[in-house]
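Asker: Compute the structure for the input listed below.
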Amino acid sequence: MNVMANVIVLGTGFEEVCMLTAMTEKSVDAQTKRILLMPFVFLIIVAMIGLAAAYTVIIPGELAHTLSFSSLRTGSDEAAKKRVLDWMAENSAVPEQVLAKIYNAAAVTGNRDLILAICLVESNFNPNAESDKGAIGLMGIMPGVWVKELKEQGIIRERDDLYNISGNIAAGAHVLATYMSETSDLRLALIRYVGGASWYATKVLQAQKQIRLAQNADQSLPFSSLRN
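Answerer: Coordinates of the predicted model:
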């Protein structure tokens with residue numbers, strides 16, 4: 001019995017030793033893994049700190065540069081707009097507030113300079129102008145030819161809308177776009193726009209050139225100097 005008991009005790013002790021050894025090995029393995037991972041963790045922390053520092057230094061600078069550039073461009077656009085409006089005022093007796101509305105309506109079309117040039121040649125920027133042939137408003141729209149189509153396109157609701165600044169310019173832009181789609185030549189489109197006069201295209205293109213010069217320079221020739 002004593003021998004048997006001793007064997008059992010020894011067996012039990014051996015199992016405990018094995019368990020203790022296994023636990024120790026696991027602990028050693030875990031510590032080893034932690035030791036091996038420490039350099040990588042350190043590198044990750046350093047990289048995160050570096051990125052944070054770069055963001056703090058670079059991003060605000062870039063943002064400031066962007067804001068500064070945006071402000072500069074906005075100021076430049078406003079200055080260019082003022083120069084064009086001044087040029088318009090030099091070539092028309094229309095009040096400045098009306099000219100500003102014409103400018104804004106023309107800008108919406110995406111072809112501002114050409115639209116303004118047509119307005120100048122057709123009406124001298126007078127929204128209530130009527131030609132001897134019956135052309136109406138800023139861009140000289142012939143109601144007998146275009147009113148039906150303009151209504152169908154939802155550009156105007158009635159004939160009198162052609163005396164409205166935005167309505168007339170939208171109508172004129174549509175008419176010009178129609179001729180451009182048929183000819184793909186601006187000069188020919190302008191000749192068709194006015195009903196066949198080649199001198200009209202020359203005047204409009206000269207006015208367009210003057211508007212561009214006015215936008216980019218403090219001084220430009222008045223359109224009256226180019227009329228003859």
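Asker: Which SSE is immediately downstream of the worst-scoring helix or strand of the chain on mean pLDDT?
Answerer: The helix or strand of the chain with the poorest confidence is helix 2-90; it has a mean of 57 (mean pLDDT, DSSP states H and E). The helix or strand immediately downstream of helix 2-90 is helix 96-108, counting by DSSP states H and E.
Asker: just checking, what packs against that next one?
Answerer: The contact analysis (3 or more CB pairs under 8 Å, 6 or more residues apart in numbering; DSSP states H and E) places helix 96-108 against helix 2-90, helix 112-123, helix 165-183. The way it works is simple: take the backbone N, C-alpha and C, and place the C-beta from them, glycine included.
Asker: And for it, what's in contact with it?
Answerer: Residues outside helix 96-108 that contact it (CB atoms under 8 Å, 6 or more residues apart in numbering) are 81, 84-85, 88-89, 92, 94, 112, 115-116, 119, 125, 127, 138, 165-166, 169-170.
Asker: What remains of those if I keep only buried residues?
Answerer: 81, 84-85, 88, 92, 94, 112, 115-116, 119, 125, 127, 138, 165-166, 169-170 (16 or more other CB atoms under 10 Å).
Asker: What pLDDT is listed against Asp218?
Answerer: In this prediction, Asp218 carries a pLDDT score of 53.
Asker: Same check on the one 5 residues further on?
Answerer: On the pLDDT scale, Phe223 is placed at 53.
Asker: can you check Gln215 too?
Answerer: Gln215 is assigned a pLDDT of 89 by the prediction.
Asker: and it, what element?
Answerer: Taking DSSP H and E as the definition, one finds Gln215 inside helix 198-216.
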